[in-house]
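J.: Test case, fold it:
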Amino acid sequence: MSGQPAELSGSSRSLPTGVHRVGDPDQDEQVEVTITLRGPSLPDTDGPVTQLDPASYAASYGADPADAAKVEEELRSRGLQVYDVSLADRSMHARGTIAQLKAVFGVELGLYESERHGTFRGRAGKVTIPAPLDGIVTGVFGLDDRRVAHRRGTQAQPTAPALTPLDLEARYQFPQGDAAGQVVAIAEFGGAYFADDVQAFCQKYGRPVPAVTPVAVGGAKVLTAADVPRLPEKKQREVLDESVEVMMDIEIVAALCPGASVPVYFAPFSEKGWIDLLNAVTAASPVPVALSVSWGLYEDSSDWSPAAVREISQRLQAAALHGITVCVAAGDDGAGDGADDGQAHVDFPASSPWVLAVGGTMLSDPAEQEVTWWQAPGERAEGGGATGGGVSVIFPRPSWQTVQVASLRQGSIDGRVIPDVAALAGPPYYDLIFQGKDLPNGGTSAAAPLWASMLARVSAGLPAAGGPRFLTPLLYGAAAGGGTLGGEACSDITSGNNSSPGVPGGYVAGPGYDAVSGWGTPVGVQLRRLLT
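T.: Residues are numbered from 1 along each chain as shown. Sure thing, here's the model as predicted:
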């Protein structure tokens, strides 16, 4: 135990503005943390990603067994329990009391409260690790459990009949079939699962109920409809609000992929929750063709630690190497992405180059042509909303993203541009059921599961050899018709913008790729043909 503790790179966090300390955590409370470990550098790519089977991935890019053993021995010597050591995921779980964790990782923890974050256990400053672990441990997550996953959905106020699954299949030319044999995973960071609503929704449209399997990870508990009335009143309201998101995701996938298996991963909404959930998805067998994510937070929010952004994106890259296309909502608050600093922002994890970022459209009236989703004032306040999109200030533009989009941020890097694609997010919304009643809804968080469903239907008709493929780089590559795959497999959206109150004008749609609708909305039969 000799030597000065080492500062953990990227671990610095500041407390959110507007929070106040309400007390100290119980020093005897047992808390689990996720420890991430170094490993071989994952391969960058100039084009399509070469898929690896799980065994090959673990052998090539997993953590060194000697590193894991050294970390385990050191933490045990300091009184922590260590378990769930996964070389493939480069991670392990450790548990100890608040007092033990403070001593091992050199942090001061307090209980804080704000309107946006609720009550949380938080810290400011950096994490330190025992000197023998310097250079081996890359992150410690779970000490601070503040919220970094916010629902992307918007509460719909329909003025016309919402679109049914049949409408969506026709509009986006879904390939025939029911996605039999495919796995479509869904990520959730709150809410409850209402099985009766899924059954009622599928029954309404004469479709079998798929195999929906709730999966708890990272210490989360799967709540059901029976659990909600037993919660305190304030918690009930929070859970029901989040459950609107959960059930929208599930019902869209269920109706469009009734032959698929649909694991729904429930995790805490902290940095640790993100890492644990992605580890669980990449470790699943069989590997999902897609993971739908309708949650996020603007990428340069001080609530994210740099280490978390790095480790989450690394796990998204691992998913891509497994052949999983992670479909992530681009956000519902326009070019400002819900920040209040008057600057343009993009959402994370949508801004990671290892996901398919999904923007939003709406139907114009009376022509019913799709345009960029924008409703005054361009963010979710007072029933408005607008598709997220723009240029990352964190992730450089990957070499395969051969598009020219100037950032609205002065001095910005030539960053990754989002979204990659789009689908319906605004009026007339999606026909859905919640707590036994019709409740149309939308947002880019509806567009993400639609794209995940599309990929499952497309994949079901492709040759089995090679398994699923990470789609995003392929969209920017050449297609048989002479253009790009994205240009030929999507309907171009050329009208609208994603102006928001802090960023008037926003990014503007136009012919070809743009930073509000990407390549456009899917043409499923064409996408399958081009990928065959």
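J.: mind checking how far the helix or strand of the chain with the lowest mean pLDDT is from the chain centre?
T.: Per-element confidence for the chain was summarised using mean pLDDT, DSSP states H and E. The lowest value among helices and strands belongs to strand 150-151, with a mean of 78. Average the C-alpha atoms of strand 150-151, do the same for its chain, and the two points are 10 Å apart (Cα atoms, centre = their mean, to the nearest Å).
J.: Helices of the protein, start to end?
T.: In the chain, helices defined by DSSP state H lie at 54-61, 65-77, 98-105, 165-171, 195-204, 233-256, 271-282, 306-321, 444-459, 472-475, 485-489, 524-531, listed in chain order.
J.: So which of those helices is nearest P130?
T.: When those are compared for distance to P130 using Cβ to Cβ, the nearest one is helix 65-77, at 5.5 Å. All C-beta atoms are positioned from the backbone trio N, CA, C, and that covers glycine.
J.: I'd say G142 and I35 touch.
T.: No: at 9.2 Å, G142 does not count as touching I35 under the criterion of Cβ atoms under 8 Å.
J.: on that earlier part again, list the contacts of the least confident helix or strand of the chain.
T.: Contacting residues not belonging to strand 150-151 are listed as 190, 241-242, 244-245, 269, 294-297, 338, 445 [Cβ atoms under 8 Å, 6 or more residues apart in numbering].
J.: so which of these comes closest to R171?
T.: S445 (18.6 Å).
J.: In PDB, could you pull the C-alpha coordinates for stretch 294-302?
T.: Output of stretch 294-302 as PDB, limited to C-alpha atoms (Å, rounded to 0.1, in the frame of the first residue of the first chain):
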ATOM      1  CA  SER A 294     -33.700   7.100 -26.700                       C
ATOM      2  CA  TRP A 295     -31.800   8.800 -23.900                       C
ATOM      3  CA  GLY A 296     -28.900  11.200 -23.700                       C
ATOM      4  CA  LEU A 297     -27.400  14.500 -22.600                       C
ATOM      5  CA  TYR A 298     -25.500  17.200 -24.500                       C
ATOM      6  CA  GLU A 299     -22.000  16.000 -25.000                       C
ATOM      7  CA  ASP A 300     -20.000  18.800 -23.300                       C
ATOM      8  CA  SER A 301     -22.300  19.000 -20.200                       C
ATOM      9  CA  SER A 302     -20.200  19.300 -17.100                       C
END
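J.: Do me a favour and average the pLDDT over it.
T.: Within the predicted structure, the mean pLDDT of stretch 294-302 is 96.
J.: do the same with stretch 422-438
T.: This predicted structure assigns stretch 422-438 an average pLDDT of 96.
J.: again, but for stretch 211-223
T.: In the prediction, stretch 211-223 has an average pLDDT of 96.
J.: what does stretch 121-140 give?
T.: Confidence for stretch 121-140, expressed as mean pLDDT, is 97.
J.: and if you look at stretch 370-387?
T.: Stretch 370-387 shows a mean pLDDT of 91 in the predicted model.
J.: cool, stretch 448-461 as well?
T.: Across stretch 448-461, the per-residue pLDDT values average to 96.
J.: can you dump the C-alpha coordinates of that stretch into CSV?
T.: Extracted as CSV, the C-alpha positions of stretch 448-461 are listed here (Å, rounded to 0.1, in the frame of the first residue of the first chain):
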residue,chain,number,x,y,z
ALA,A,448,-34.6,5.5,-33.0
PRO,A,449,-36.6,2.3,-32.3
LEU,A,450,-38.2,2.6,-35.8
TRP,A,451,-34.7,2.5,-37.3
ALA,A,452,-33.7,-0.4,-35.0
SER,A,453,-36.8,-2.2,-36.2
MET,A,454,-36.0,-1.4,-39.8
LEU,A,455,-32.5,-2.9,-39.5
ALA,A,456,-34.0,-6.1,-38.0
ARG,A,457,-36.4,-6.5,-40.9
VAL,A,458,-33.6,-5.7,-43.4
SER,A,459,-31.2,-8.1,-41.7
ALA,A,460,-33.7,-10.9,-41.7
GLY,A,461,-33.6,-11.0,-45.4
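J.: just use 23 as the starting number from now, easier for me
T.: New numbering, starting at 23: the last item is stretch 470-483.
J.: Centre of the chain to that stretch, how far?
T.: The gap between the average C-alpha position of stretch 470-483 and the chain average comes to 16 Å, counting by Cα atoms, centre = their mean.
J.: buried residues in it?
T.: Judged by neighbour count using 16 or more other Cβ atoms under 10 Å, the buried positions of stretch 470-483 are 470-483.
J.: Closest to L553 out of those?
T.: Compare each of the buried residues of stretch 470-483 with L553 using Cβ to Cβ and the shortest gap goes to V480, at 6.6 Å.
J.: Paired strands for the least confident helix or strand of the chain, with orientation please.
T.: Strands that pair with strand 172-173, judged by DSSP bridges, come out as strand 317-320 (antiparallel).
J.: Contacts made by the strand it pairs with with the rest, please.
T.: For strand 317-320, contacts defined as Cβ under 8 Å, 6+ apart pick out 170-174, 209-211, 267, 291, 325-326, 350-351, 353, 359-361, 367-372, 467.
J.: any low-confidence regions in this structure?
T.: Scanning the chain with the threshold set as pLDDT under 70 gives 23-24, 174-181, 388-389, 404, 486-490.
J.: for the most centrally placed residue in it, what are its contacts?
T.: Most central residue of the chain, judged by C-alpha distance to the mean C-alpha position with Cα atoms, centre = their mean, is V315 at 3.6 Å. In this structure, V315 makes contact with 209, 348-351, 371, 377, 470, judged by Cβ under 8 Å, 6+ apart.
J.: neighbour-wise, which of the residues you listed leads?
T.: Tallying neighbours with other Cβ atoms under 10 Å puts A470 at the head of these, with 36 neighbours.
J.: T347 is in contact with that one, correct?
T.: No: taking contact to mean Cβ under 8 Å, the distance of 10.9 Å between A470 and T347 leaves them out of contact.
J.: Identify the residues contacting S136.
T.: Going by Cβ under 8 Å, 6+ apart, S136 touches 38, 40-42.
J.: ChimeraX command to pick out the buried ones of those residues?
T.: With 16+ other Cβ under 10 Å as the burial test, the buried ones among the contacts of S136 are selected in ChimeraX as follows:
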select :38,41
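J.: can you redo the contacts of S136 as JSON lines with distance to L155?
T.: Compiled in JSON lines, the contacts of S136 are given as follows (distance: Cβ to Cβ, whole Å):
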{"residue": "P38", "distance to L155": "29"}
{"residue": "G40", "distance to L155": "35"}
{"residue": "V41", "distance to L155": "30"}
{"residue": "H42", "distance to L155": "34"}
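J.: Looking at the helices of the chain, which is nearest to T160?
T.: Each of the helices of the chain was checked against T160 via Cβ to Cβ, and the shortest separation belongs to helix 328-343, namely 6.7 Å.
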